[in-house]
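> Here is a sequence together with a model predicted from it:
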Amino acid sequence: MACKIGTSSEWRAARLALLSKETKLNELSASIAAERRALPMVPITKDYTFESPDGPITLKDLFGTKSQLIIYHYMFEPTAEEGCQGCAFMAANFPDLRHLAQKDTALVVVSRAPIEKITAWKEKNFWGFPWVSSLGTDFNYDFHVTLDEKVVPVEYNFEPKQGMSGEQPGLSVFKLVDDQVYHTYSSYSRLDNLAGTYVFLDLTPAGRQEGADGPAELKTPAQYAQESKA
């Protein structure tokens, strides 16, 4: 939508009206964040063991020295040679992990692809975050990011999804207390609120300029690197 041309006084009046709404939105966001933090913690009773480049690693091991763990469920099925393009955009928007570490929080990416494929895709895109394989475990099924009605009833974003199958994006949060891992939060689908690129584009007159493919239309780091060589 094209912006109309106006005077400084018209702009200021419109901006102040918008500011009032932005303030209310910030207050609502803070309230929602408080409710999110207050969600009940659910003990993890199953032993999950993932495959890392250095060998087997448990869910508890993924915390490292931290008491909080964020897991991004990256769509990368075992038979694929490359990971999801849209998930690559989300990965490009991850914060500096040192900031998370300073706040007692670890971030790890999990996919069902074999660790060899994960490592190759990670290196191709110059990513440095930890990434492990859940292949051969129930982890993806239990957290509803791999959908297969032959394994578990199909549910996505907390709703039954008849006919939906395969890998799906999501994010889950865990807390380690006295050697016990707890699940505290999960979110699914596009997770736009976590993408800093969208936050910046939403400030511009043209906005996100999205097509039908959404975040998948944006290039991976490897594609940008190849483009710069052309």
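Done, it's in.
> need the contact list for residue 124.
residue 222 (C-beta atoms under 8 Å, 6 or more residues apart in numbering). For every residue, glycine as well, the C-beta is placed using N, CA and C.
> For it, grab phi and psi.
Main-chain dihedrals, residue 124, degrees, to the nearest 10: phi -60, psi -30.
> For it, give its distance to residue 95.
22 Å (C-beta to C-beta, to the nearest Å).
> The helix or strand hosting residue 176 packs against which elements?
Assigned by DSSP states H and E, residue 176 belongs to strand 170-177. In terms of contacts (3 or more C-beta pairs under 8 Å, 6 or more residues apart in numbering; DSSP states H and E), strand 170-177 is packed against strand 68-73, strand 180-188.
> which other helices and strands contact the shortest one?
Using 3+ C-beta pairs under 8 Å, 6+ apart as the contact criterion, the secondary-structure elements in contact with strand 68-73 are helix 85-92, strand 105-111, strand 170-177.
> Give the helix, strand or coil label for the closest residue to residue 83 other than its chain neighbours.
Of all residues not flanking residue 83 in the chain, residue 76 sits nearest, at 3.9 Å (C-beta to C-beta, 6 or more residues apart in numbering). Following DSSP: H, G, I helix; E, B strand; the rest coil, the label given to residue 76 is coil.
> now the helices and strands packed on strand 68-73 in a markdown table, with mean neighbour count?
Below are the helices and strands packed on strand 68-73 laid out as a markdown table (neighbours: other C-beta atoms under 10 Å):
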| stretch | mean neighbour count |
| --- | --- |
| helix 85-92 | 20 |
| strand 105-111 | 23 |
| strand 170-177 | 19 |
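> and the longest helix for the chain?
Determined from DSSP state H, the single longest helix within the chain is helix 8-37.
> Quick one: mean pLDDT over it.
If you average the pLDDT over helix 8-37, you get 97.
> What residues of stretch 180-199 count as buried?
Neighbour counts over stretch 180-199 (16 or more other C-beta atoms under 10 Å) mark 181, 183-184, 186-188, 191, 194-195, 198 as buried.
> let me fix that: stretch 91-98
By neighbour count on 16+ other C-beta under 10 Å, the buried set for stretch 91-98 is 91-92, 94, 97.
> What number of residues are in the vicinity of residue 151?
Residue 151 has 12 neighbouring residues, counting by other C-beta atoms under 10 Å.
> Adjust the sequence numbering to begin at 4 for everything that follows.
Renumbered: residue one is now 4, and that last one reads residue 154.
> who touches it in this structure?
Each residue near residue 154 by C-beta under 8 Å, 6+ apart is listed here: 141, 144.
> where does the protein have low pLDDT?
4-5, 233 (pLDDT under 70).
> Just give the nearest non-adjacent residue to residue 177, would you?
Nearest non-adjacent residue to residue 177 (C-beta to C-beta, 6+ apart): residue 72, at 4.4 Å.
> now swap in residue 149 and tell me
The nearest residue in space to residue 149 (C-beta to C-beta, 6+ apart) is residue 143, at 3.7 Å.
> helix or strand right after the helix or strand containing that neighbour?
Using DSSP H and E, residue 143 maps to helix 142-145. As assigned by DSSP H and E, the chain's next helix or strand after helix 142-145 is strand 149-150.
> Let me see the residues that make contact with that next one.
Against strand 149-150 from outside (C-beta under 8 Å, 6+ apart): 115, 143, 157-159, 164, 167-171.
> how far out from the middle of the chain is the longest helix of the chain?
Centre-to-centre, helix 11-40 and its host chain are 25 Å apart (C-alpha atoms, centre = their mean, to the nearest Å).
> now do stretch 204-218
Worked out by C-alpha atoms, centre = their mean, stretch 204-218 lies 19 Å from the chain centre.
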